[in-house]
Each structure stands twice: as structure tokens, then as C-alpha cells.
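A.B. asks: Build me a structure from this.
(chains A and B)
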Amino acid sequence: MEYDVEFHGVSFRYAGAQKDALSKIDLKIPTGEIVLVTGPAGSGKTTFCSCINGLVPHYHEGELSGEVIVRSYHTRRARIGGLASLVGMVFQDPESQLVTSSVADEVAFGPENLGVPRAEINQRVSQALSSTRLLGFEDREPHNLSGGEQQACAIAATYAMHPEVYVMDEPLANLDPAGRRQVLQVLIDVAKGRQKTLIIVEHSLEEVLPLVNRVLVMDSGQIVRDGTVDEVLAAGDIPRVFTRPAIVRLADKFGLDLKTFSAEKLYADLNARKPLGKISPDEDKPPQRSANASMPIIEIRDVHYSYKNQTSALRGVSLTVHAGELVAILGRNGSGKTTLARHIIGLLQPERGKVSVAGRDVASTPTHELTQEIGFCFQNPNHQLVAFNVRDEMTFGLKAHNIDASEFDQRVQRALELVDLLDVAEAEIFDLGKGQKQRLALASVLTLEPKILIIDEPTTGQDPEMTREIFDILKHLNQLGTTVLMITHRVDYAAAYASRAVVLNQGQIAFDGPILELISNMEIMQANSLDLPDITKLALQLHKHGVPPWTIQYEKLEGYLTQLVDGSHGD
Amino acid sequence: MAIEYQKGNAFLHRLDARTKLLLFVGMTVLAIVVVDPILMGLIFAGLYYVGAHSVDRKLLNSNLRILIVIFLTFSLFQIIFFTSKDSHFLFYLIPFKNWIPVTVQGLVRGAAVFFRFFSVVLAVHLMLYTTPPVDLALTITKREQSRGLSAELTSTLILGLILFVIAHLTKVEEIQALSSDVRIRTLIVLVASFVLAYVIQKIIGHGLPPEMGMALTLGFATVGLLSKQTEIITDAQKARGYDVKPKNLIRRVQVLTALLLPIFLATLERSQDISVAILSRGFDYNIAERTYRRQLKFQTTDYIVLTLIVLLLFAGMYLNYLNLGNPTEQFILSLLNNSA
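C.D. replies: Residues are numbered from 1 along each chain as shown, chains lettered A, B, ... in the order given. As a prediction, this is how the structure comes out:
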């Protein structure tokens, strides 16, 4: 058999690091295989990818032992440029890898480097753009595209180089559900269409597992599991490292085929084996809209806003948030979520309408004064961190608000404790991982003890473990009395943690009510390309058997299913 | 407002990037050669007419307006300090002390200086407004291994002839001092012109090494991104409770330093991203053999524009050669002499 990529006893330690990023990797990937690499953050997935295209050891310095062979070339001896003609790599953050000023230039950049003649470059550009559904985007500026389009552009740029091996390092992490579907489809089309090897690193197993041949699970620089999809799924979960999708776990529990990836198939298989009976869970009441007794803390009345030269971003939004609520703001990219959040803290002023926060009119209160009431966390923590070390970062806001210095220690301590970062209180910011930075950004906002917390996509590019941590923190803060507004596209987590959902669609509120009511309303969910959590999809299927359609917790659904299956056995 | 490329498909946009670069060089030389305010004013008006039809007139005006004061100051200096002995005295700027005499020549040249500077600046503006920066970077990058003998010969020939004419228009006495025989004189000048032309086209043809050219291109692509990033960071700081526009001046400096750090970090991060991104796409595959998608190609209009510039240059030099380079000044002086 012919192998595209071979690892022989490969270990790598970054210069200055305490432990190996990769240790003793042995692996052979045959031509044409589609491989999923998964594992928690920091398990060495990116280093693994960098070994294949030669960034390790040629760009990232460190100690490399063992041999990496890509199509008979030893990466240690080959140059990155040479390997680039064989290995096409796409990274997590689409914006960071686009380097030119137009889409066509971007796609042409690789072939130009390889010395491809001009006529063929043009041909490859149009072919790559049509394969990635970007025809007509030639003259657009890459940094003005949406996330999904940017990632498609990065893939087109790699595709045009005609590599033998595609390596994709979390290509879906920064995208909304619609973008994810688009990019995933593009990826599979590209790899299958050309019969090339594809190595894809990803956390969201639900979407990728059905498409791959082989799964590698990594933890602490080692491959802890390697096999076909069946084999890896049959071996079960590994706590904190590998959790199978909910549907697969249910299939496993009820003895069905492990390659069951959709709620529909699970339901059909269960029913085919033995028709399911009916249950009537009485303790589970449908979600109620109840009048909120507490004080309104944010009042938005008929707000209109439009960006320069663009269609209006907000068109008559009215919203009242009561003190102590935990509200999820949902909607597809560009629906006005962030624009709305910016109005609450006065970074934008409405063209028409009025916003007031804790009784103060936002129009007449400067942003830096509003921040005494509102904490605001941005999507990318790098954009709001202003100091070199954790302590300075934490005291930045306190100094800006002239808080008495004697209070600093206590406040910093408390905020770091909330986000579980006490162990890095004396660290330098450069040494923090992405998840830690995100929590630090949150902690620095919390030092001011805001009454309201607004957080924009807090879980972008984080692994499931980190995502859960962030949501746990938000829930905890909410229980302490903070009003929390979170913008997110993780409907599954939002439904498990928040009570109220606000859905924006083209600058208007499409839904405002209990989040459990939202997820059982297929129409609104689909109209806003909100992804229904798999658990809820299954609950909807089981509705006619008496399962409440707003079920969101795995344990609860598992209980219902057990009742249903046992019940049908008993009859 | 920054001088940024404005998308469009007007006359100037359609010109080759090299033509526009040469147009700018030509305007600079013209501004040195032509000293008459009315002639220079006409050239300026012509250039402005072309420009206003190619880019947004409001944008152009708003950018040029700022410069008027600066160039008027230059004119004033010219008026004040151009007082050679044989110039026609008019009056003193500070009357009772008899300080700072103003002369006819000073006034005329002052007016000319205004248009001369303005024409050069307008040419730069128009070039930057109508040329994608990438194309500009490409014009000065060495892109082909060898340009072929015929291309080199043609460019040497054209440039040589231009230099030959210029030599005869500007260096009359020096040429006559060379030899008494007209044929030998001509031969020497001709050979010298061609040698010089060959050297110049060799140097220009050499261009920047492709690494530097690409660095320029990538740099241009980053400018927009960084300004967007600065905006995001400022917003983030406002949201952190930072008063980004304090009234206190010392606070304002502190605010700026706090802004600099994240921008610095963002830039650093961006440069690392770029190096990883371009390496992963084969930038160091074989840079000397790199090809280019963008193609620069001369059209008929390019040749017409270039010929026009050369003709204008010749005309300006010819007027100087005939001692008619300053008709306005001569006309005013003759009027004054007649009335006196």
C-alpha cells in the first residue's frame, strides 16, 4: 500500500517548553484516506499538523526526533516551500491566513509561488473558486468577507496549488452553523473529487464523523486511540479527552449500530426493532411565559441603526431585560446581535429610538461611565487585553475607575477565583493558552463587579471542556445576581443554561421567550438557521410517544428512552 | 483622509501602472523645466481636468485644499527672497523701514512655484487614487529573469533618442565646446546618450528583488486590516471603562500608550500569521522562478500619454532654449518699460 504520510517515532518539544508537544508518534496514512484528528486543547493536534507541512522543525524551533515522511520526502531535509507543493494546510482562523488584497490574488498566490505559468494560474483560480462556490468574488477584499467565505477562500487558495495531502486545522471553529455546513461540504467535495488524502482536526464530532474513514484521538502529545470510525466509537468515551456524540452514546446504550449519527436514524432503528410505546411524564411541564417581577434593568425601545453605505442593521428593536435574567441572544451571522449589544454600552448610538440601562439614558452617558454598571466581553480576548501580565491586566479597569487601591487585592482575588484562574495570578499574558485568555478577559471585566454582563461569542474556537467551563462560570455569576446577556451560536449550551432566548433576524426580533419554547419550534429555528441540538431533534421525533419536545438534557432523554424501550419490552 | 486606492474604471484607472508612475516622474521633471506661471497653470489645469473625470472630485478637492496654504507659503518665500539685482522693483513689504523688497520677477516666480508644486502633488495623488497598490509594487519588482534582447534594445533606443534631444536643448554650450566638427559633436552626444540610456534601462529593468516586491504587496494588503483592528481595540478599551478622549492632556498620552500595546501585539501577531501563511503556501519554493497572475500591458492610450509627456518636456526645453521660457515675466516687464 502506498502511504502519503508516515510518522516514525516522532517526538517534538518546542524550544523553551517543559514537556514534549508530541511524543513517540507512529503512524501511516495511506493515499486517499480521510482522517479525523480530535482531542482536547493542547493535546498536540496543531503540532501534529505542523510536522506534516514542515513548519516543524523549520519554522517552529525545538527538538524533533524520529522521522516524518511525506510522499517519500523527509520533512527534516525538505524545505517548507517544497513541502507546500505536496501538503496544503488550512488553519483555524481564516482571517489570519489571508494575505493579499483580493480573492483572486489570494487564490493565485500559491500557484505563483510554485512558478505555474500565467494561463494555467487563471484556469486554476477559476476552477478553485467554482469548487468552493466563490465565483463572482474575484475582486472582493478577503478581510471584508464573512467567516465562512473567508475559510472557503483559504481552502480555494490551497486547492489551487493541487496538493497531494490536505491538512485542515480546525477549519470550522470560527464559523456559524450555516458557514460550517458550507465549508465542510467544500472540504469533502475537494478531497473526494480529487481522491486526495485529507487530515482534518475538529472538535465537533457530530458533523465530521459521518464523513471520515479513520479517527485519531490525541491526548498530551500522544495518539491514544487510532482506528476506523467503528473501532474508535466501540471503544467508548475517554473522560475529558473524547466524548462521543449524544446520539452515538444512545445508540451504544440501546445496542444499535454505532454509526448512527442522526436522530432520525436512531428513532427509526429503535422503532424497527420493537415499536415504542407511550409514556406520560407528568413532572415535565411545557415552558411558561411568566411575568417577571423584578425591575427592568435594560430597556431598548424601537431602536433603528444602519452602518455607513449598508442596509440597516437594526430595524425597530424593542427589548426589556429584567434584573437577574440570563438571556441568550441568537441569530445567524450579520443578524444584528453584536450591533444590538454595542448599543447597550454606548459604543453605537441609535439613529432612532432609545436605550436606557439601570435608569440612565445611554445617549447622554459616556461609555466609560456605563461600564460601572455593565461588563462587556469581546469575542477575541486579544482585542481587549492591554497589559503584559495578569496582575496589570486585572487592575487596569480598577485604575481607570479610580477604585481605591486598598481594594485591588481583594477584588482581583475574587474575580480570578470566579473564573478559576488563581493559579496564574502572577503569570505573563504571553504564557496563557487561548481558553485561559478568554477567562482572563472575563475576569478583568468582573473586577468592577458589574450588575450586567454582556459577553460576545465566548466559546469561539474552544474545546467542549472549555466551552462548558465558560457556561458554568456565566451560570454561577447569574446565580450571584448578575444579569447576563450572552451572544452565542451554541444553541445546545444556551438551552441548557439560559432561561430566555432572543432571536434576531435581519435587525428585527424574530423570537423572544423561554428558550425551551424556542427549541421546540422548528419553524423559527430553521428560519434563523439555528442548529437544533441532537437531543432535542430526537425528543421531537419521540414527541408522539409522549416525550416532551423541549427536552435538552442527555440524562433526561436517556431516562425517557429507557422507559419507552422497557415499556415496549413489558407489553 | 488617507490617500487610498479608489476602485473605478475611468480613464486613469485603465492606464498601465507603469504609465502612471512615468506620468508622475514626467510631471516632476516638467515642474523643474517650466518656470512660467501661465504655462504651468495650464499644465496643472489639464492634469486636474483628467483627474477630476477619473476620481471623485469632492475627495480630490478636499485633499488638495489642505495643501493650498502650504504651497502659498512656498510662493511667499519665493516672492520675498527672489530679489536679484536686475529685477524690477515694485514696493517694500514693510514700507517705512524699507524691508523686504517685492519685485515683478519675485511675484511671477512665486505664482509659478505654486503651480509647480501643485502639479507634482496632484500627479502623486492621481497615481495613488487610481492604481491598486499591488500593481504599483509589481511595477518596481523584477519579475522576469531576462527581458529579451529586442525589449532591451527598443527601450535603449527610445530613451537614447529622448536623451539626445534633451542634451541638445539644455547643454548647448557644453556640446559646442566638445569639438569644432559638427559631425563629431553629434556622434559624441549620440554615443553618450545611448550609453547613458543603456545604463538607466539596465538599472530600472533590474527592479526590486521579488522578496521585497512581495513584502510591499503583502504590506499594502495589511493596512486596511490594521486600521480595522485599531478601531476594534479602541472600542474594547472604551468597554473596559477607559475614557479614550479625556480632557486632561497627560491622561490623553497615557491613553495612547495603553492603545499602543495591543496594537503592537496585534501587529506582531499578524506578522507571524503572515509568515506562517505564506510559507505554508510555498513562498520559499523558488522565488526567483516565481510567476505572476497580474499582467501589466501597455495599451494604445498608454503610448499616447507617454508621447504627450515627452512632447511637453521637449516643448518646455525648447522654449528655454529659445530664451522664451518665461513669457509672462517678459510681457509684464515690457509693459512696465513702455509705460515708464
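A.B. asks: so A:Ser101 sits right up against B:Phe220, yeah?
C.D. replies: Yes: the pair A:Ser101 / B:Phe220 is scored as a contact, 6.4 Å apart, by Cβ atoms under 8 Å. Quick note: C-beta positions are derived from backbone N, CA and C, even for glycine.
A.B. asks: So those two - more neighbours on which side?
C.D. replies: A:Ser101 (24 against 17; other Cβ atoms under 10 Å in any protein chain shown).
A.B. asks: Could you report the distance from that one to B:Gln6?
C.D. replies: Here the distance between A:Ser101 and B:Gln6 works out to 14 Å (Cβ to Cβ, to the nearest Å).
A.B. asks: The host helix or strand of A:Ile455: what's the following helix or strand?
C.D. replies: Element membership for A:Ile455, per DSSP states H and E: strand A:452-456. Remark: after strand A:452-456, the chain's next helix or strand is helix A:464-479, criterion DSSP H and E.
A.B. asks: Flag the shaky bits of the stretch 151-300 of chain A, pLDDT-wise.
C.D. replies: In the prediction, the stretch 151-300 of chain A carries residues with pLDDT under 70 at positions A:282-285, A:291-292.
A.B. asks: Go again with 80.
C.D. replies: Scanning the stretch 151-300 of chain A with the threshold set as pLDDT under 80 gives A:173-179, A:182, A:281-293.
A.B. asks: who in it is up against chain B?
C.D. replies: Listed as neighbours of chain B in the stretch 151-300 of chain A under the rule Cβ under 8 Å from any Cβ of the partner chain: A:Ala157, A:Thr158, A:Met161.
A.B. asks: other SSEs contacting the strand holding A:Ile455?
C.D. replies: helix A:337-344, strand A:374-377, helix A:434-446, helix A:464-479, strand A:483-487 (3 or more Cβ pairs under 8 Å, 6 or more residues apart in numbering or on different chains; DSSP states H and E).
A.B. asks: Try it again at 7 Å.
C.D. replies: Contact here means 3 or more Cβ pairs under 7 Å, 6 or more residues apart in numbering or on different chains; DSSP states H and E; on that basis strand A:452-456 packs against helix A:337-344, strand A:374-377, strand A:483-487.
A.B. asks: Tell me the strands beside that strand, with direction?
C.D. replies: The strands beside strand A:452-456 in its sheet (DSSP bridges) come out as strand A:374-377 (parallel), strand A:483-487 (parallel).
A.B. asks: Off-centre distance for the last one?
C.D. replies: Between the mean C-alpha point of strand A:483-487 and the mean C-alpha point of its chain there is a distance of 18 Å (Cα atoms, centre = their mean, to the nearest Å).
A.B. asks: could you check the angle helix A:337-344 makes with that strand?
C.D. replies: Between the axis of strand A:483-487 and that of helix A:337-344 there is an angle of 150 degrees, by axes from the mean of the first three to the mean of the last three Cα atoms, to 10 degrees.
A.B. asks: What's the mean pLDDT across the helix or strand just after strand A:483-487?
C.D. replies: Per DSSP H and E, the first helix or strand lying C-terminal to strand A:483-487 is helix A:491-497. The pLDDT scores in helix A:491-497 average 89.
A.B. asks: Helix or strand, whichever it is, which one in chain B has the lowest mean pLDDT?
C.D. replies: strand B:89-94 (a mean of 76; mean pLDDT, DSSP states H and E).
A.B. asks: ok, and what's touching that strand?
C.D. replies: Strand B:89-94 is contacted by residues B:Asn98, B:Trp99, B:Ile100, B:Pro101, B:Val102, B:Thr103, B:Val104 when judged by Cβ atoms under 7 Å, 6 or more residues apart in numbering or on different chains.
A.B. asks: Show me whatever sits in contact with both of A:Ser101 and B:Phe220.
C.D. replies: Taking Cβ under 7 Å, 6+ apart as the criterion, A:Ser101 and B:Phe220 both touch B:Val134.
A.B. asks: just to revisit the earlier point, next secondary structure element downstream of the least confident helix or strand of chain B?
C.D. replies: Taking DSSP H and E, what comes next after strand B:89-94 is strand B:99-103.
A.B. asks: what pairs with that following strand, and is each one parallel or antiparallel?
C.D. replies: strand B:89-94 (antiparallel).
A.B. asks: Check the offset of the partner strand from the chain's centre.
C.D. replies: Worked out by Cα atoms, centre = their mean, strand B:89-94 lies 35 Å from the chain centre.
A.B. asks: hmm, back to that, give me the buried subset of the contacts of strand B:89-94.
C.D. replies: B:Val102, B:Thr103, B:Val104 (16 or more other Cβ atoms under 10 Å in any protein chain shown).
A.B. asks: quick one: the closest residue to the last one other than its chain neighbours and B:Pro327, what's the gap?
C.D. replies: So that's B:Val104. What sits nearest to B:Val104 in space, not counting adjacent residues and going by Cβ to Cβ, 6 or more residues apart in numbering or on different chains, is B:His88, at 4.1 Å. Using Cβ to Cβ, we find B:His88 at a distance of 16 Å from B:Pro327.
A.B. asks: the more surrounded of the two?
C.D. replies: B:His88 (16 against 13).
A.B. asks: which residues touch stretch B:247-260?
C.D. replies: In contact with stretch B:247-260 (Cβ under 7 Å, 6+ apart) are residues A:Val386, B:Ile233, B:Thr234, B:Gln237, B:Tyr242, B:Val244, B:Pro246.
A.B. asks: and if we set it to 8 Å?
C.D. replies: A:Val386, A:Phe396, B:Thr230, B:Ile233, B:Thr234, B:Gln237, B:Tyr242, B:Asp243, B:Val244, B:Lys245, B:Pro246 (Cβ atoms under 8 Å, 6 or more residues apart in numbering or on different chains).
A.B. asks: Could you look up the SS state of the residue in the stretch 1-150 of chain B positioned nearest to chain A?
C.D. replies: In the stretch 1-150 of chain B, no residue comes nearer to chain A than B:Val134, which is 5.9 Å away by Cβ to the nearest Cβ. At B:Val134 the chain is in helix, as set by DSSP: H, G, I helix; E, B strand; the rest coil.
A.B. asks: Go ahead and list the helix or strand containing the closest residue to it other than its chain neighbours.
C.D. replies: Once flanking residues are discounted, B:Val134 sits nearest to B:Thr217: 5.1 Å by Cβ to Cβ, 6+ apart. Per DSSP H and E, B:Thr217 falls inside helix B:210-239.
A.B. asks: Excluding covalently adjacent residues, which one is nearest to A:Gly148?
C.D. replies: A:Gly179 (2.7 Å).
A.B. asks: And for that neighbour, the neighbour number?
C.D. replies: If you count neighbours by other Cβ under 10 Å, A:Gly179 ends up with 23.
A.B. asks: how much space between it and A:Ser146?
C.D. replies: Counting by Cβ to Cβ - A:Gly179 and A:Ser146 are separated by 7 Å.
A.B. asks: next one: B:Ile278
C.D. replies: In terms of Cβ to Cβ, B:Ile278 sits 23 Å off from A:Ser146.
A.B. asks: okay, the two: which has more neighbours?
C.D. replies: Taking other Cβ under 10 Å, B:Ile278 and A:Ser146 do not tie; B:Ile278 has more neighbours (23 against 17).
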